[in-house]
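A.B. asks: Model the following, please.
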Amino acid sequence: MQAVVVRDNGHGIPHDEIEQLFGKLGGSWKARGARSKTKLGILHGKEGKGRFKALALGRVADWTIVYKDADHRKYRYTLSLIRDDLVDVRVSEPIEADPHFPTGVEVRITELDRTYRSLDASLAVSSLAQIFALYLTEYPDLSISFEHERIDPQVLIAHRDVLSLSDIADADSIHSASVELIEWKMPCDRWIFLCGANGLPFQRSAPSFHAPGHQFTAYIKSSYIDELQERGLLDLAELNAALQRAYDEAVEAIKAHFKARDASAARSKIEQWKAEDVYPYRDEPTTPVDVAERQVFDIVALNVNKHLADFEGATRQTKAFQLRMLRQAIERGPDELQLILKEVLDLPPRKQQELAKLLEDADLGNIISASKLVADRLKFIHGLEALLFEAETRALLKERSQLHRILADNNTWVFGEQFSLTVDDQSLTEVLRKHHQMIGRETVIDAPVKRIDGKTGIVDLMLSRSVPQNRMDEREHLVVELKRPSVKVGAEEITQVEKYAYTIAKDERFRGLKTRWTFWVVSNDLDDFASVRTRQKDKPRGQVSQTEDGLIEVWVKTWSEIISECKARLRFVQDHLQANVDKDASLSYLKVTYDRYLSGIEVQEDNAA
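C.D. replies: Numbering: from 1, shown residues only. Model prediction:
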């Protein structure tokens with residue numbers, strides 16, 4: 001880069017005025033007239049500082065000036081200024097110029113301090129459009145070109161709004177104020193300009209807030225800014241309380257504007273998904289947990305739509321599949337969600353972390369996952385109840401082995417939450433098989449049921465599970481005997497399982513270990529003897545015996561009792577999960593992020609005193 005040249009086709013500067021203009025700072029004729037001599041445009045260089053600012057770019061500035069005299073003859077002269085000696089202004093004598101030569105001023109700055117990347121053609125056009133957008137749209141008869149390319153802000157503007165601000169009260173007067181907001185079609189740096197009442201920018205600063213997805217420039221306009229500029233006080237804008245209040249109000253107005261815009265766009269997109277039948281939720285959320293989960297899903301899904309180039313153009317089936325996958329990932333927690341965002345959808349790493357943080361922060365992921373777990377368990381209990389007691393579905397339960405496998409498949413929590421984490425234990429099964437003759441040879445332990453004659457006979461089942469403990473020398477085992485539907489549990493069955501329990505517990509393989517045994521006998525009904533035994537003073541309902549050291553317990557219950565207790569326990573947990581979502585400060589991160597994306601849809605607050 002050899003030189004920077006700025007040229008205008010205005011009136012030029014008469015030679016007899018040049019000494020006054022360059023003799024002292026601030027003597028420009030532009031300060032005595034607010035508008036151009038022949039045009040209506042507001043003049044930019046009213047302070048006479050531009051001639052000195054030119055030397056901030058390079059060591060030498062040369063002006064070539066063409067003007068008309070009173071007889072309309074054109075004259076041309078030059079002026080040179082060197083940064084080393086600002087008082088030595090060299091002005092040539094005027095000579096008559098060609099009548100066809102345009103009037104105006106050209107300044108050529110040479111011996112540049114550096115190469116200015118901002119004047120690269122790929123950057124300068126959009127930057128100049130930002131700076132002069134209001135000025136050029138306010139005065140369409142004026143134009144600015146860069147490297148012979150006309151700057152036309154109109155073709156670059158995507159959206160334009162004017163936001164009203166409170167009046168600025170000065171000591172002597174009241175000044176109206178507004179902020180004009182322009183969104184651009186192209187990527188650009190975000191700026192907030194301080195402008196005069198006519199939109200001419202004097203100063204700019206980078207906004208301290210984020211507006212993801214919006215390429216914008218804001219112009220705060222007021223005659224008060226004109227006044228500060230004329231008085232040389234605009235460089236101290238941050239110390240001016242009145243202007244700072246206007247600036248802060250403008251920032252809040254801009255943030256609110258984009259929040260509303262984003263909310264509107266988000267609602268439109270979600271409604272579109274619903275219309276396309278790809279949105280994975282059919283019903284409206286009814287509980288606070290549902291609302292929280294739905295908000296997290298909407299945030300994640302809208303970001304996927306924004307950052308995944310192929311998502312919008314995908315087929316309906318593909319969209320539906322990906323949105324269902326997102327829902328399942330959210331229900332399973334932050335690790336699953338991050339895996340989907342990274343391995344499947346390939347979102348940018350920063351966006352992966354931001355979205356996964358929605359579930360990591362303040363146990364929100366645990367709340368959603370726990371709520372899903374409780375809902376699934378309630379469904380399981382209602383299904384189990386139907387299988388056992390409703391005539392139509394009970395007929396489908398052909399063999400007790402079916403029930404055995406259903407319970408063994410991570411559903412031993414029905415016998416108590418302490419048994420919700422259990423594993424198959426081969427050594428325990430061997431112990432049970434060793435002693436199974438005590439409860440009858442027709443009992444099958446942890447094996448599929450087979451009819452003795454291949455056609456008839458339903459045998460008892462023994463479900464054995466081992467509960468993991470923190471210490472290696474401790475064991476806890478759950479053993480459940482599922483009786484045939486036709487068998488009423490009575491004295492014989494209770495005595496039989498007690499003998500069986502004590503014999504197994506004393507097996508040599510568990511000797512020396514602190515092992516806790518819990519035995520359950522479950523059937524559809526109890527006889528009178530068993531009913532009395534299961535309701536003893538100072539014992540929990542259903543417990544028929546317990547050793548003095550508390551390491552062996554025997555329980556007898558009906559399916560109806562187990563199902564009823566499960567429902568009550570799950571409802572209690574579910575109610576408290578809703579309370580956590582309503583009251584717990586753990587949702588603060590969600591609310592902040594939700595406002596950022598979907599602020600138009602309010603988060604319900606608990607207003608109880």
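
A.B. asks: C-alpha from now on. contacts and neighbour counts both.
C.D. replies: Fine.

A.B. asks: Name the SS class of Asp262, please.
C.D. replies: With DSSP: H, G, I helix; E, B strand; the rest coil as the basis, Asp262 sits in helix.

A.B. asks: That one and Asp310: what is the separation?
C.D. replies: Computed with C-alpha to C-alpha, to the nearest Å, the distance linking Asp262 and Asp310 is 21 Å.

A.B. asks: Between the two, which is the more surrounded one?
C.D. replies: Using other C-alpha atoms under 10 Å as the criterion, Asp262 and Asp310 rank with Asp262 on top: 22 against 11.

A.B. asks: okay, now Glu180: neighbour count?
C.D. replies: The burial count for Glu180: 20, using other C-alpha under 10 Å.

A.B. asks: Please, which helix or strand holds it?
C.D. replies: Take DSSP states H and E as the rule and Glu180 turns out to sit in strand 174-184.

A.B. asks: Give the pairing partners of that strand; include direction for each.
C.D. replies: strand 157-169 (antiparallel), strand 216-222 (antiparallel) (DSSP bridges).

A.B. asks: can you pull the buried residues of the first one?
C.D. replies: Which is strand 157-169. Using 16 or more other C-alpha atoms under 10 Å as the test for burial, strand 157-169 gives 157, 165, 168.

A.B. asks: now do the shortest one
C.D. replies: Within strand 216-222, the residues scored as buried using 16+ other C-alpha under 10 Å are 216-222.

A.B. asks: Arg405: which of these is nearest?
C.D. replies: Within the buried residues of strand 216-222, proximity to Arg405 (C-alpha to C-alpha) peaks at Phe216, which comes in at 61.4 Å.

A.B. asks: Which residues does the strand holding Glu180 contact?
C.D. replies: Strand 174-184 is contacted from outside by 156-169, 214-224, 246, 250, 254, using C-alpha atoms under 8 Å, 6 or more residues apart in numbering.

A.B. asks: State the next helix or strand along the chain beyond that strand.
C.D. replies: Counting by DSSP H and E, what follows strand 174-184 is strand 191-195.

A.B. asks: Check what contacts whichever helix or strand comes after that next one and list those residues.
C.D. replies: Next in sequence after strand 191-195, counting helices and strands by DSSP H and E, comes strand 201-205. Strand 201-205 has contacts (C-alpha under 8 Å, 6+ apart) with 131-132, 191-196, 219, 229, 234.

A.B. asks: which of those has the most neighbours?
C.D. replies: Using other C-alpha under 10 Å as the neighbour criterion, Tyr219 leads these with 27 neighbours.

A.B. asks: I'd assumed Gly196 was in contact with it.
C.D. replies: No - counting by C-alpha atoms under 8 Å, Tyr219 stays clear of Gly196, with 9.4 Å between them.

A.B. asks: Tell me which residues touch Leu384, please.
C.D. replies: Here Leu384 is in contact with no residue (C-alpha under 8 Å, 6+ apart).

A.B. asks: and it, helix, strand or coil?
C.D. replies: Using three-state DSSP, the structure places Leu384 in helix.

A.B. asks: if we can go back for a sec, what are the C-alpha coordinates of the strand holding Glu180, in CSV please?
C.D. replies: What follows is strand 174-184 as a C-alpha-only set of coordinates in CSV (Å, rounded to 0.1, in the frame of the first residue of the first chain):
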residue,chain,number,x,y,z
ILE,A,174,-34.2,18.8,26.4
HIS,A,175,-32.9,16.7,23.5
SER,A,176,-34.9,13.9,21.9
ALA,A,177,-33.0,10.6,21.4
SER,A,178,-33.5,7.4,19.5
VAL,A,179,-31.5,4.3,18.4
GLU,A,180,-31.7,3.1,14.8
LEU,A,181,-30.9,-0.5,14.4
ILE,A,182,-29.7,-2.0,11.1
GLU,A,183,-29.2,-5.7,10.5
TRP,A,184,-26.9,-6.7,7.7
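
A.B. asks: Next, the buried residues of it.
C.D. replies: 177-184.

A.B. asks: Looking at it now, give me its mean pLDDT.
C.D. replies: The average pLDDT within strand 174-184 is 93.

A.B. asks: What of stretch 111-124?
C.D. replies: For stretch 111-124, mean pLDDT rounds to 86.

A.B. asks: likewise stretch 495-515?
C.D. replies: Average pLDDT, stretch 495-515: 78.

A.B. asks: How about stretch 161-169?
C.D. replies: When pLDDT is averaged along stretch 161-169, the result is 93.

A.B. asks: May I have it exported as CSV, CA atoms only?
C.D. replies: Once non-C-alpha atoms are left out, stretch 161-169 reads as follows in CSV (Å, rounded to 0.1, in the frame of the first residue of the first chain):
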residue,chain,number,x,y,z
ASP,A,161,-35.9,-0.6,13.0
VAL,A,162,-36.0,2.7,15.0
LEU,A,163,-36.4,2.3,18.8
SER,A,164,-37.4,5.3,20.9
LEU,A,165,-35.4,6.4,23.8
SER,A,166,-36.1,8.8,26.7
ASP,A,167,-35.3,12.4,26.2
ILE,A,168,-31.8,13.6,27.3
ALA,A,169,-32.1,16.4,29.8
